[in-house]
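>>> below are the sequence and a predicted model for it; my questions follow.
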Amino acid sequence: MLAPAAVFFLLLYFAPIAFQLFQSLFSGANSDRFVGAENFIDAVTDPDVQAAFITTVLYAVGALVVGSVLGLVLAVVLNQALPGKAIFRAILLIPYLTSVAIIGLLWRNILDPYVGILNRILESVGLPTQSWLTTAPLAVIVGIAVWSSVGYTMVLFLAGMQGIPAEYYEAARIDGARPFRQFLSITLPLLAPTTLFVTVIGVINALQQFALPYIVTAGGPGNATTLYAYKIFNVAFSDSQFGYASALSFMLLIVILVLSLLQFRAARRWSS
Amino acid sequence: MSVMKRERLFPGDRVVAYVLLVLVSIVMVTPLLYMVSLALQSDREILSAVPVLWPTDPQWGNFVRLFQTAPFGLFFLNSMIMAGAITLSHLVFDPLIGYVFAKFEFPGKRIAFIALLSTLMVPFFVRMLPIYAMFGALGWLNTYQGLIVPFLMDAYGIFLLRQFIQPLPDELIEAGRIDGASELRIYFQIMLPQMKPALAVVALTSFVFQFNEFLWPLIATSTTEMRTMPIGLTLFNQEFFNQWNLTAAGALVLFVPTMILFFLTQRYLVRGIALTGLK
């Protein structure tokens, strides 16, 4: 029964990773010139890659901080007996299940300096218009990412909150702790594993964010929204440097593995 | 199940809660409603300097023009084939493998399970380049198998079903064995019907995420005939960049099927995210 699974995961997970490491040792248009570790040395010293990495960190921090705070607030609000809360929960999840192609194109239209509805409304009420995608491109990408994923973050926090025993709150109530105090001294500390999970998943997703810069800004203006994954895509498919792209991609895998293992170890310590 | 009653955060917090929820919901839904408006606007309205919140004369013909301007019927079919085949494969393999890990002992089980879980840490992005090179050598780019094969199984669904099956009582299986039922019969007639809620989550998420998948179809296809909806739509927009009404119409064609599925199964979905963290 497990044979098909073994074959599948071997051929489409483990073999590609090994192949990627192998490819990253080569250079040239056909990836046939052996260069050893040169691609990795280049990657670390390449100012374009460094810039993409810094942009990705800024994007990740922005999306995580805004997304987690909003997601947590929404989860607190929805973690009480509210009539109609299933409807709100569903509405908040809609953008998460919407194709990134739709999300990217729709927001690009809304924010378009000339035909976008946002500027046209601003203009019609006499407010100054903005060319959003040139003045604050990265912030716009962060905003769109938060818009599309905050419902998912909220569901994760909700699940974490439902795992907190009700007795803790009862004990706190008997001790006279006010609800906000209960949130600070029970909910928040006991949500630490969830918060860590949200953080790690958020960083991993940020490291792979490709479609939004591809669709909304084409990585620009300049390289203001060239995130790491978008950079890899361009190195592989625009510059045709497959070996170099493989090295960049392999480094991405290492970072993700380290983050995942840290998360996994912490989760085990918490659960024991 | 005990229903917990949470104390209010502060007096009147219900009003604040509803105000907040309504505000956030408006932010979530308005852009998508505007997409409907945009899809029905005339060519003049999409470029007018006056903001058009809703077209004066909804142009339903935009949907006809959409399919006349580019092969969206084909894009849609390709997406259905890709997402449908992958979903079917998940529905066949995920419960079976999940069941084996949940209820059977065999040598090497621990290692096999750890190996399986370790694939959760390997996002598609880092498999993409080598698989692209492999499939290029096989001549699988611009083919259906090329679109489908990288996603035939994934550890999320297997893990979800294992977590779901594990607490089911072993007596169900033993009773079947005492009655002389074959292992296959036990699986199909006793276990599989128990898994319906988890299977609904697997079906919904597999279908929706694959229907929406952007990265792989973008690089694995280069011919118009093999493009899927999200890619076809994005490239259409690049070519006809002033036809925002048609782009929005295409976006709706992509949006509606996934939303119908979502609202049919959303109760299960929330539980599924809670159980595994999904994506």
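Received the coordinates, thanks. Everything numeric in this text was worked out from a predicted model, so none of it was measured.

>>> and residue 217, how many residues sit next to it?
Here I'm looking at chain A. Neighbour count of A:T217, defined by other Cβ atoms under 10 Å in any protein chain shown: 22. C-beta: built from backbone N, CA, C; applies to glycine.

>>> switch to chain B, please.
22.

>>> which residue of chain A sits farthest from its center?
Within chain A, the residue lying farthest from the chain centre (Cα atoms, centre = their mean) is A:I174, at 40.8 Å.

>>> ok, now how distant is that one from chain B?
Distance of A:I174 to chain B, given as Cβ to the nearest Cβ, to the nearest Å: 12 Å.

>>> spatially nearest residue to the most centrally placed residue in chain B, not counting backbone neighbours?
Nearest residue to the geometric centre of chain B (Cα atoms, centre = their mean): B:V208, 2.0 Å. Excluding the flanking residues, the one nearest B:V208 by Cβ to Cβ, 6 or more residues apart in numbering or on different chains is B:T258, at 4.8 Å.

>>> so that neighbour makes contact with B:Q210?
No. The pair B:T258 / B:Q210 is not scored as a contact, 10.3 Å apart, by Cβ atoms under 8 Å.

>>> quick one: the helices in the stretch 151-272 of chain A, in order.
Under the criterion DSSP state H, counting those that start in this stretch, helices of the stretch 151-272 of chain A are mapped to A:166-174, A:179-182, A:188-190, A:192-207, A:211-212, A:228-237, A:242-271.

>>> returning to what we had before: for the residue nearest to B:V208, give me its contacts.
A:L97, A:T98, A:S99, B:F207, B:V208, B:F211, B:N212 (Cβ atoms under 8 Å, 6 or more residues apart in numbering or on different chains).

>>> give the next helix or strand downstream of the host helix or strand of the fourth one.
Read it as B:F207. Using DSSP states H and E, B:F207 falls within helix B:196-212. On the C-terminal side of helix B:196-212, the nearest following helix or strand under DSSP H and E is helix B:215-220.

>>> that next one packs against which elements?
helix B:124-138, helix B:144-148, helix B:229-239 (3 or more Cβ pairs under 8 Å, 6 or more residues apart in numbering or on different chains; DSSP states H and E).

>>> quick one: mean pLDDT over it.
For helix B:215-220, mean pLDDT rounds to 96.

>>> then stretch B:126-134?
Mean per-residue pLDDT for stretch B:126-134: 94.

>>> that stretch close to chain A?
Yes. Using Cβ under 8 Å from any Cβ of the partner chain, we find that stretch B:126-134 touches chain A at B:V126, B:R127, B:M128, B:L129, B:P130, B:I131, B:A133, B:M134.

>>> quick one, strands of chain B?
For chain B, applying DSSP state E gives no strands.

>>> swap that for chain A, sorry
With DSSP E as the criterion, chain A has strands at A:26-27, A:33-34.

>>> pick the most buried one from these.
Most buried of these, by mean neighbour count (mean count of other Cβ atoms under 10 Å in any protein chain shown): strand A:26-27, with a mean of 20.

>>> picking up where we left off before, the helix holding B:F207: which residues count as buried?
B:198-212 (16 or more other Cβ atoms under 10 Å in any protein chain shown).

>>> got it, and stretch A:61-74?
Taking 16+ other Cβ under 10 Å as the criterion, stretch A:61-74 shows A:G62, A:A63, A:L64, A:V66, A:G67, A:S68, A:L70, A:G71, A:L72, A:L74 as buried.

>>> same deal with stretch B:64-76?
Buried, per 16+ other Cβ under 10 Å, within stretch B:64-76: B:L66, B:F67, B:T69, B:A70, B:P71, B:F72, B:L74, B:F75, B:F76.

>>> for B:I219, find the nearest of the helices and strands packed on helix B:215-220.
B:I219 sits nearest to helix B:124-138 of all those, at 5.8 Å, using Cβ to Cβ.

>>> packing partners for the closest one?
Applying 3+ Cβ pairs under 8 Å, 6+ apart, we find helix B:124-138 packed against helix A:15-23, helix A:228-237, helix A:242-271, helix B:215-220.

>>> swap in 6 Å and give it another go.
If contacts are counted by 3 or more Cβ pairs under 6 Å, 6 or more residues apart in numbering or on different chains; DSSP states H and E, helix B:124-138 sits against helix A:15-23, helix A:242-271.

>>> quick one: contacts of it?
Counting contacts by Cβ atoms under 6 Å, 6 or more residues apart in numbering or on different chains, the residues outside helix B:124-138 that touch it are A:16, A:19-20, A:208, A:229, A:236, A:245-246, A:249, A:252-253, B:141, B:146, B:150, B:219.

>>> with just CA atoms, put it into PDB.
Extracted C-alpha coordinates of helix B:124-138, given in PDB (Å, rounded to 0.1, in the frame of the first residue of the first chain):
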ATOM      1  CA  PHE B 124       6.900  23.500  -3.900                       C
ATOM      2  CA  PHE B 125       9.100  26.500  -4.700                       C
ATOM      3  CA  VAL B 126      12.300  24.600  -3.800                       C
ATOM      4  CA  ARG B 127      11.200  21.500  -5.900                       C
ATOM      5  CA  MET B 128      10.200  23.600  -8.900                       C
ATOM      6  CA  LEU B 129      13.500  24.100 -10.700                       C
ATOM      7  CA  PRO B 130      14.700  20.500 -10.600                       C
ATOM      8  CA  ILE B 131      11.300  19.200 -11.500                       C
ATOM      9  CA  TYR B 132      11.200  21.600 -14.400                       C
ATOM     10  CA  ALA B 133      14.500  20.300 -15.600                       C
ATOM     11  CA  MET B 134      13.400  16.700 -15.200                       C
ATOM     12  CA  PHE B 135      10.100  17.200 -17.000                       C
ATOM     13  CA  GLY B 136      11.900  19.100 -19.700                       C
ATOM     14  CA  ALA B 137      14.100  16.100 -20.300                       C
ATOM     15  CA  LEU B 138      11.100  13.800 -20.300                       C
END
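
>>> pick out the least confidently modelled helix or strand of chain A, by mean pLDDT.
helix A:179-182 (a mean of 84; mean pLDDT, DSSP states H and E).

>>> centre of the chain to that helix, how far?
Centroid separation for helix A:179-182 versus its chain: 31 Å, with Cα atoms, centre = their mean, to the nearest Å.

>>> ok, now stretch A:105-123?
Using Cα atoms, centre = their mean, the offset of stretch A:105-123 from its chain centre is 25 Å.

>>> can I get that stretch in PDB, CA atoms only?
Taking C-alpha atoms only, stretch A:105-123 is exported to PDB below (Å, rounded to 0.1, in the frame of the first residue of the first chain):
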ATOM      1  CA  LEU A 105      -5.000  41.900 -11.000                       C
ATOM      2  CA  LEU A 106      -7.900  43.300  -9.000                       C
ATOM      3  CA  TRP A 107      -5.700  45.300  -6.700                       C
ATOM      4  CA  ARG A 108      -3.500  46.500  -9.500                       C
ATOM      5  CA  ASN A 109      -6.700  47.800 -11.200                       C
ATOM      6  CA  ILE A 110      -8.000  49.400  -8.000                       C
ATOM      7  CA  LEU A 111      -4.700  51.100  -7.300                       C
ATOM      8  CA  ASP A 112      -4.000  52.200 -10.900                       C
ATOM      9  CA  PRO A 113      -3.100  55.900 -11.000                       C
ATOM     10  CA  TYR A 114      -5.300  56.700 -14.000                       C
ATOM     11  CA  VAL A 115      -8.100  54.200 -14.300                       C
ATOM     12  CA  GLY A 116      -8.100  52.900 -10.700                       C
ATOM     13  CA  ILE A 117     -11.300  53.400  -8.700                       C
ATOM     14  CA  LEU A 118      -9.400  54.600  -5.600                       C
ATOM     15  CA  ASN A 119      -7.800  57.600  -7.200                       C
ATOM     16  CA  ARG A 120     -11.000  58.400  -9.100                       C
ATOM     17  CA  ILE A 121     -12.900  58.500  -5.800                       C
ATOM     18  CA  LEU A 122     -10.200  60.600  -4.100                       C
ATOM     19  CA  GLU A 123     -10.300  63.000  -7.000                       C
END
